[in-house]
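Visitor: after the sequence you'll find the predicted model.
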Amino acid sequence: MPLATPHAAAPPRSGASQLGIADELLALLRDTTTESRPDTQLEALTLAVAADLPVLLWGEPGIGKTAALTQLAAALDLPLTTVIASVHEPSDFAGLPIVGDDPAERGVPMAPPDWAVRLARAGRGLLFLDELSTAAPAVQAALLRLVLERRVGALRLPPGVRIVAAANPRSSAADGWELSPPLANRFVHLQWTHDHEVVVRGLGGTWPRATLPRLDARRLPEAVDFARRAVCGLLAARPGLTHRLPTGEANRGGAWPSPRSWEMTLRLIAFATAADSSREVLSLLVRGAVGDGPGLELLASLDRLDLPDPEDLLADPAGASLPERGDLRQAALDAVVAAVRARPDESRWDAAWSLLANAVETGAPDLVVVPATTLATLRREGWEVPAAIERLAGAVSLSRRADIAATRSAAGGGGR
Amino acid sequence: MSAGQPGALDRGKLFAARLHAVRARPYLASALFALHVVESHRVPTMAVDRHWRVYASPAFVDRTPVEELAGVWVHEVSHLLRDHHGRGDRFAREHGLTGPGERLRMNIAADCEINDDAFGDGLARPEGAVTPAALGLRGGELMEDYLRQFRLGARTQEFAWLECGSGADGREREWDLGPDGAHGLSDQERDAVRFRVAQGIVGNPGDAPAGWRRWAEEAFHPPQPWRELLGAAVRSAASGSGAGGDYSYGRPARRSAGVPGAVLPSLRRRPPRVAVVIDTSGSVSDAELGSALREVAAIARAVGGRRDLVTVLSCDAAVHRVDPLCRAEGIALAGGGGTDLRAGFTKALRVRPGPDVIVALTDGQTPWPDSRPPCRTVVGLFDRRTAHRPDHYRPFAAPSWARVVTIG
C-alpha cells in the first residue's frame, strides 16, 4: 500500500472513523421507503386485537411477525413489549414465590417480573409473546394463563393491554408443543405467511405500508345487527355446527366450532363490518375462530344474505337488478321460483316470468333454463301464458340444442 | 342459432354446451355457472385463468360439436376446482422447477388427473384429450404423482400444443386479464364456490365418480403428512409430564442463589422410554414397517431419548422378539400369522422400568386391550383404503384412549 499523501480533504483513517464510515453505510442500508399496499393478514390481526380476543399467530421463524407487530402497535397507538417465551422460566410468568417472615400467616406472594409491573403501571400496551412453541411445557402452561386470564403472578394486567402470541407450526416445533382442543378453542388462529413479492421489493428498498382498518362509529349498531343475523341464521339452519369437537389427528390444535368460538366469531364479524373490511379479511378471521369447514359455511351463508330478497324481485321485476356472477344469479332465480312455489298466484307467476326474461337478456341464457322449467310446472289451470315467455325463446332453443347434444353423446362417440 | 358476424364467438353454442355439461354433471353446476366467458383469438382452444375466467377461441367453438364442448367445459372447470395452478406453483417451488417446459408438464399431469374419470356417462370425450394410459401410466392418481413419472419426450410430443391456461399450470399468459380485470373471482369467492361444490358432492355421494368424491372429501381437509403427525403425537406423548425436559420444584434452581428469599424451579430432564409394538402379521408389508420404524426411531432420538431407551417388539398372535433399538438397525421382524396386539401390549408393559410411551404400528386388524394402558399410547394405522384392496378391508375401531395417526 502506498503511503497516504497528505491531502486536506482526505479524512484520517483511524479506527474510530472506520466505525463512522460503517455507520454511514448502515444508514444508507436503512434508508428505505414505504409504499401503501393492502395487507389482508395484518388487517385481520388488527381487527382481532381490537376486538380483544386472544390471537395466536402460526408461522415459521423469520418471516416478519415482529415487524408486523411493530406496525400493529403503531396503528393502535400502543407501546410494544416483546417477551421471548423460550428464554424465560415458568416463574417469570406465574410469578416468583417470595418466602417472607411468616409464610404460614401471610402466605407466599408470587411476585411479577418487571415488564409486567411496567405494563400494569402504564395501563395500556401491546404484549407480544414470541416463540411460544419452543418453550418448555411448564413455561407454556404459565403463558397460557397469562394470555387467557391476563394474570402474571399476583398481578392482573389492565384491560388496556392487548396480548398476541406466536408459535411455530406443529410440523416444525421441535419439542412437543401442541394445543389441547379446549385451549385451541380460546384462540383466534391466524396463519402467518410471507409474500415473496413483498420481501423482494422490501429488500430492494421499498417496504409495504399497510393502511389499517378504522372502525366507523356510525356503523356500530348496524354491525352488531348484521353479525347476529349472520351467526344465528347459520346456526338455526345447521344446528350440528354449534359444537363439534375435532376428531382425528390432522385437525388437533386448530380452530373448531363451539358456543365460545361462535361468540368470538360474532364479535369478529361485527368488528369487520364496522371497519368495512373485505371478505378476504373476514374469511381469515372466521376460519381462524371456528375452523375451515364451519367458517366457509358461514361465508357461504353470508353470500346468500347478500342475494336480493326474492319478494323484492317479484314486487318489481322490471327494475330488479340481478347479481352479475352466474352462480349467484342462478341462486337468486332459484329463490324466486321457490318463493312462487311457496305462495302461488297468477300475478307472482307472471312477475317471475318477466324476471327470467330479464335475466336472459342481461346475462348468460343457459342458467335460466332450469328455473324456467321448474316455473312452467307451477302453472295452474286457467292462468294465461304471459307475453314475457316469448322473450325466453333464446333459452328454449339453447335447451333444445343441449338436448340434442345429450342424445348424441348418449348414443356414443358423438357426431363430428 | 346464428353465430352473428363471421369470426365472432358463438356464445349460443358455448352456453348450450354448458347447459349440457350442467345436466350431465349437476354437482358442478355452481362452478360452471361461476365462470365468466371471455372471447379471445389468441387461445388455441379454451383456457382458464386463476381468476375463474374462461377464454374461448371462436374458431375452436365453431369447429367443435356441442357435446365435445361440454366435455371441455367440465375439463376446464376441473382445473380450477382442483386448484391445479396453486398446486403447480407449490410443486414448482418445492422442486425448483422453472420454465415453460415444466409448466407444460404440469398441464399434462393435471389433464391426466382430470381425464381418467371425467368423461363418459353422458359426457363426450373431447378430441385429443390426454389420458394417463396414453403416457403409459396408471389411472386414478394425482397431478403430483404423475409429475414424478414422466418427462417430456416422444410420448408427449403430440400434446405439445396443449394449452389450458394459467388456471391449469400457474404460468401467466399474455392474454390473461389478470387480477384487476373485470369479472374475476377473489380468493374468498373462489373458496366459496369450491366449498359449495364439495359440499354438494359430499351430500349426494351417489352421483359423483370416485375421483370427485375423493376431491370433495379432501378439498378443505387435505390429508396431512403422516410423518409430521406421527412425530407430533410421539413427541407430545414423550414430553408429557414425568418425562422429557421440564421444570420441577423438586430441587431448587441454581439461579436461586441470586434471588434470596425466592424459590425457583430447575430444569430437569428425564429421557422418555418408548416401546414400539409392531404388527408383523401377514397383512403389513415390510416396506411400510421399515419406513414407520425409521420414523419412530428418528423421533425418539429427537425428543432426547437415548437409543437404548427404545424397545421394539414384533408381534402377530404372540410376541416374537424384544429388541432394544441400539442392537438392531435392521431389526429382524418375525411373525406372519394372524394378529393379536394385546400380547404385545402386555409384554411391553411388563418391562421394568415401564415405558412412557407405547407406539403401536398396525393395520388395525387386531383386538385391543380392554382397559387403557398406564402410559400414553400412539397408534400408527396403515391405511388400507387405497386402490389395492378396497373391498374386503374392514377397519377396526381404534381405542379412544390412543392417539391415532393414519400412515400412508
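Guide: Yes, it's here. What you are looking at is a predicted structure, and each value in this text was computed from that prediction instead of being measured.
Visitor: only C-alpha atoms from now on, for both contacts and neighbour counts.
Guide: Fine.
Visitor: next, count neighbours for residue 291.
Guide: Using chain A. The tally of other residues near residue A:291 (other C-alpha atoms under 10 Å in any protein chain shown) stands at 22.
Visitor: chain B is the one I meant
Guide: Each residue near residue B:291 was counted by other C-alpha under 10 Å, and the total is 13.
Visitor: host element of it?
Guide: In the assignment (DSSP states H and E), residue B:291 maps to helix B:286-302.
Visitor: ok, then the element right after that helix?
Guide: Later in the chain than helix B:286-302, the nearest helix or strand by DSSP H and E is strand B:310-315.
Visitor: packing partners for that next one?
Guide: The elements that strand B:310-315 packs onto, with contact taken as 3 or more C-alpha pairs under 8 Å, 6 or more residues apart in numbering or on different chains; DSSP states H and E, are strand B:274-279, strand B:319-324, helix B:341-350.
Visitor: give me that answer again for 6 Å
Guide: Contact partners of strand B:310-315 among helices and strands, from 3 or more C-alpha pairs under 6 Å, 6 or more residues apart in numbering or on different chains; DSSP states H and E: strand B:274-279, strand B:319-324.
Visitor: what about the first one, distance to the chain center?
Guide: It stands for strand B:274-279. Relative to its chain's centre, strand B:274-279 lies at 26 Å (C-alpha atoms, centre = their mean, to the nearest Å).
Visitor: give me the mean pLDDT for it.
Guide: The average pLDDT for strand B:274-279 rounds to 81.
Visitor: need phi/psi at the nearest residue to residue B:399 once chain neighbours are set aside.
Guide: Once flanking residues are discounted, residue B:399 sits nearest to residue B:368: 7.0 Å by C-alpha to C-alpha, 6 or more residues apart in numbering or on different chains. Backbone geometry at residue B:368, expressed as degrees, to the nearest 10, gives phi -110, psi 160.
Visitor: sketch out the low-pLDDT regions of the stretch 251-400 of chain B for me.
Guide: Scanning the stretch 251-400 of chain B for pLDDT under 70 picks out B:251-265, B:267-270, B:281-286, B:288, B:299-308, B:316-339, B:383-397.
Visitor: show me where chain A has strands.
Guide: Taking DSSP state E as the test, the strands found in chain A are A:33-36, A:55-58, A:80-84, A:96-97, A:110-111, A:124-130, A:151-152, A:155-156, A:160-167, A:188-191, A:206-209.
Visitor: report the central residue of chain A.
Guide: residue A:284 (2.1 Å; C-alpha atoms, centre = their mean).
Visitor: which pLDDT value goes with that residue?
Guide: Looking at residue A:284, its pLDDT reads 92.
Visitor: give the contact list for it.
Guide: By C-alpha atoms under 6 Å, 6 or more residues apart in numbering or on different chains, residue A:284 lies in contact with nothing.
Visitor: and residue A:391, which of the strands of chain A is closest to it?
Guide: Closest to residue A:391 of the strands of chain A, according to C-alpha to C-alpha: strand A:33-36, at 49.3 Å.
Visitor: which helices and strands does the closest one pack with?
Guide: strand A:206-209.
Visitor: mind listing the helices for the stretch 301-416 of chain A?
Guide: Using DSSP state H, counting those that start in this stretch, the helices of the stretch 301-416 of chain A run over A:310-315, A:326-342, A:346-362, A:369-377, A:393-411.
Visitor: Throw these into a markdown table and include mean neighbour count and mean pLDDT, thanks.
Guide: A markdown table is the format used below for the helices of the stretch 301-416 of chain A (neighbours: other C-alpha atoms under 10 Å in any protein chain shown; pLDDT from 0 to 100):
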| stretch | mean neighbour count | mean pLDDT |
| --- | --- | --- |
| helix A:310-315 | 17 | 88 |
| helix A:326-342 | 21 | 89 |
| helix A:346-362 | 21 | 89 |
| helix A:369-377 | 17 | 88 |
| helix A:393-411 | 19 | 83 |
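Visitor: out of those helices, nearest to residue B:272?
Guide: Residue B:272 sits nearest to helix A:326-342 of all these, at 56.0 Å, using C-alpha to C-alpha.
Visitor: ok, and what's touching the closest one?
Guide: In this structure, residues lying in contact with helix A:326-342 by C-alpha under 6 Å, 6+ apart are A:310, A:323, A:367, A:371, B:30, B:33-34.
Visitor: by how many degrees do that helix and helix A:369-377 diverge?
Guide: Going by axes from the mean of the first three to the mean of the last three C-alpha atoms, to 10 degrees, helix A:326-342 is angled at 10 degrees with respect to helix A:369-377.
Visitor: now helix A:326-342 against helix A:346-362, angle please.
Guide: Here helix A:326-342 runs at an angle of 170 degrees relative to helix A:346-362 (the same axes, to 10 degrees).
Visitor: and the stretch 1-150 of chain B, which residues reach chain A?
Guide: Within the stretch 1-150 of chain B, the residues that sit near chain A (C-alpha under 6 Å from any C-alpha of the partner chain) are B:15-16, B:19-20, B:30, B:33-34, B:66-67, B:122, B:124.
Visitor: these into CSV, with extra columns for secondary structure, neighbour count and pLDDT?
Guide: Shown next, in CSV, are the residues of the stretch 1-150 of chain B next to chain A (DSSP: H, G, I helix; E, B strand; the rest coil; neighbours: other C-alpha atoms under 10 Å in any protein chain shown; pLDDT from 0 to 100):
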residue, secondary structure, neighbour count, pLDDT
B:15, helix, 26, 92
B:16, helix, 28, 91
B:19, helix, 30, 92
B:20, helix, 30, 91
B:30, helix, 21, 88
B:33, helix, 24, 92
B:34, helix, 24, 91
B:66, helix, 30, 90
B:67, helix, 33, 88
B:122, coil, 21, 82
B:124, coil, 27, 84
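Visitor: which strands and helices lie in contact with the lengthiest helix in chain B?
Guide: Under DSSP state H, the helix in chain B containing the largest number of residues is helix B:100-118. Helices and strands touching helix B:100-118, by 3+ C-alpha pairs under 6 Å, 6+ apart, are helix B:143-147, helix B:166-169.
Visitor: show me where pLDDT drops low in chain A?
Guide: In chain A, residues with pLDDT under 70: A:1-16, A:170-178, A:248-251, A:412-416.
Visitor: next, residue B:164: secondary structure please.
Guide: Secondary structure state of residue B:164, per DSSP: H, G, I helix; E, B strand; the rest coil, is coil.
Visitor: ok, for it, nearest residue in space, not its chain neighbours?
Guide: Once flanking residues are discounted, residue B:164 sits nearest to residue B:47: 4.3 Å by C-alpha to C-alpha, 6+ apart.
Visitor: and the nearest residue to residue B:49 once chain neighbours are set aside, how many neighbours?
Guide: Leaving aside its sequence neighbours, residue B:49 sits nearest to residue B:167 (C-alpha to C-alpha, 6+ apart; 4.0 Å). Using other C-alpha under 10 Å, residue B:167 has 31 other residues around it.
Visitor: so which residues of the stretch 151-300 of chain B form helices?
Guide: B:166-169, B:187-203, B:210-218, B:226-238, B:286-302.
Visitor: most packed of those helices?
Guide: Mean neighbour count (mean count of other C-alpha atoms under 10 Å in any protein chain shown) peaks for helix B:166-169 among the helices of the stretch 151-300 of chain B, with a mean of 30.
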